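Undergrad: I would like to see how this sequence folds:
(one chain, ligands or ions: 1)
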Amino acid sequence: MNAVAQLQKLKPNLSQGDIYSDRVCSLFDEVPHAGEAVAISDGIWLLRLPLDSVLDHINVYVLADETGWTLVDTGNNTPACRTALQAAFDDGLFAHRPITRVIATHYHPDHIGLAGLLCDRGAVFQTTQACWLHARWLQLEQRDLPCAQDINFVERVGIKGVELAAFRRRAPSNYSDLVLPIPYAYQRIREGDRLKIGSRYWTVRLGYGHAAEHATLWSEDGFVITGDQILPGMSSNLSVHPSEPDADLVSEWVESCRRFAKLAQSETVCLPGHNLPFTGVETRCKQMIASQAAVLNRLSAHLTRPCTVIDCLAVVYRRQLQPHERGTMIAETLGYLNHLHQRGIVKRELADDRAYLWYRANSLDQERRVCFDNPEC
Ligand SMILES: [Zn+2]
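TA: Modelled structure (predicted):
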């Protein structure tokens, strides 16, 4: 039985017409409550955990294993997430069996933050090598003040004056604020690995751009757990980090989405890290690629005069941003500019105040538009 048919068995009021189109269709009419577990199929549950941020939840997935539960992603190390997870596994629906395995799709705190707690209780930790190394490295980077590279990074994007002075004095948020110590020992998962979890086999497919070696899990009966690599209703964040300020994450991410679009069948059910399960994975991948191309074209059309990253924020996000909400958006906008720069569409120069000024390499009448429809483009 394919994944959609299994879901229909559990939720008979799903609309047949919507499910079998290739449009992006949510498979839930109601949003689960924080802490609520929703059965997806025999041996698969979505467990929604609360987050204290603009994004107010994460979906983790509970898979029935031979002797207990495999948990895919964990939530971050906050009282709200810990409490919800412990309620489900210590007292609730899953209390009668142990968590035997934790799989982290990627190193971001909301996906890996409680792995240490669960592995201390005996669960095996499985993730990609890049995820494990990155998470362990970030936990070594504990700082009371920004380092020289952090300051360099914010100067390059155009932060100056009072705001720069405040940044120099402000304690940065540290990875370990939301992540328990990452388990010292792990089992590495690689591209193409087949993981037997209960009665199902899941094939590991790795994505890039949002996080290095982001694991996605594809079951033989048509489910795919995608973490943050493929999301409905929002774009995957492609933020450049000060440790690799020239990174072109857009190219990596588009390449991954093209691969995933080909892997998906029309009835594949996507189980994402945020928002609700849906069908139409191929369409969703193409939508996400098209929306990235639209942002890149809007940005390059704007750069007829030299601009800093800060100057570009309103063009990318189509509204004025307040300083307190700009952090991730600055990192993402830099990623767009890096992509245009590495394709030769824009150039950059270092100004006297140490900010990069970005501008179009050609005039508008020689416009080169970004189009990801053609893999050669
Ligand atoms: Zn993430």
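Undergrad: in the stretch 151-300 of the chain, what residue comes closest to the ion?
TA: Per C-beta to the ion, residue 228 is where the stretch 151-300 of the chain lies closest to the ion, at 3.6 Å. The way it works is simple: take the backbone N, C-alpha and C, and place the C-beta from them, glycine included.
Undergrad: what's the pLDDT at that residue?
TA: Residue 228 carries a pLDDT value of 97.
Undergrad: next one: residue 72
TA: Model confidence at residue 72 (pLDDT) stands at 98.
Undergrad: is it in contact with residue 65, as I believe?
TA: No: counting by C-beta atoms under 8 Å, residue 72 does not reach residue 65; the two are 11.3 Å apart.
Undergrad: which elements pack onto the one helix or strand residue 254 maps to?
TA: Here residue 254 sits within helix 249-263, counting by DSSP states H and E. Packing partners of helix 249-263 (3 or more C-beta pairs under 8 Å, 6 or more residues apart in numbering; DSSP states H and E): strand 200-207, strand 214-219, helix 281-302, helix 327-342.
Undergrad: and the ones you listed, which is most packed in?
TA: Highest mean neighbour count of the helices and strands packed on helix 249-263: strand 214-219, a mean of 25 (counted as mean count of other C-beta atoms under 10 Å).
Undergrad: where exactly do the helices run in the stretch 51-200 of the chain?
TA: According to DSSP state H, counting those that start in this stretch, the stretch 51-200 of the chain carries its helices in the segments 79-86, 109-112, 115-120, 129-140, 148-157, 161-169.
Undergrad: winner for burial among these?
TA: helix 109-112 (a mean of 28).
Undergrad: contact partners of the helix holding residue 254?
TA: For helix 249-263, contacts defined as C-beta atoms under 8 Å, 6 or more residues apart in numbering pick out 205-210, 214, 216, 218, 224, 226, 229-230, 236, 238-240, 281-282, 285-286, 288-289, 292, 296, 335-336, 338-339, 342, 372, 375.
Undergrad: with stretch 275-285 instead?
TA: Identification of contacts with stretch 275-285 by C-beta under 8 Å, 6+ apart yields 4, 7, 19, 21-28, 31, 40, 46, 59, 224, 230-234, 257-258, 260-262, 264, 266-272.
Undergrad: related to what we said a few turns ago, mind putting the helices and strands packed on helix 249-263 into JSON lines with distance to residue 125 and mean pLDDT?
TA: Below are these laid out as JSON lines (distance: least, C-beta to C-beta, whole Å; pLDDT from 0 to 100):
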{"stretch": "strand 200-207", "distance to residue 125": "15", "mean pLDDT": "98"}
{"stretch": "strand 214-219", "distance to residue 125": "13", "mean pLDDT": "98"}
{"stretch": "helix 281-302", "distance to residue 125": "28", "mean pLDDT": "93"}
{"stretch": "helix 327-342", "distance to residue 125": "27", "mean pLDDT": "95"}
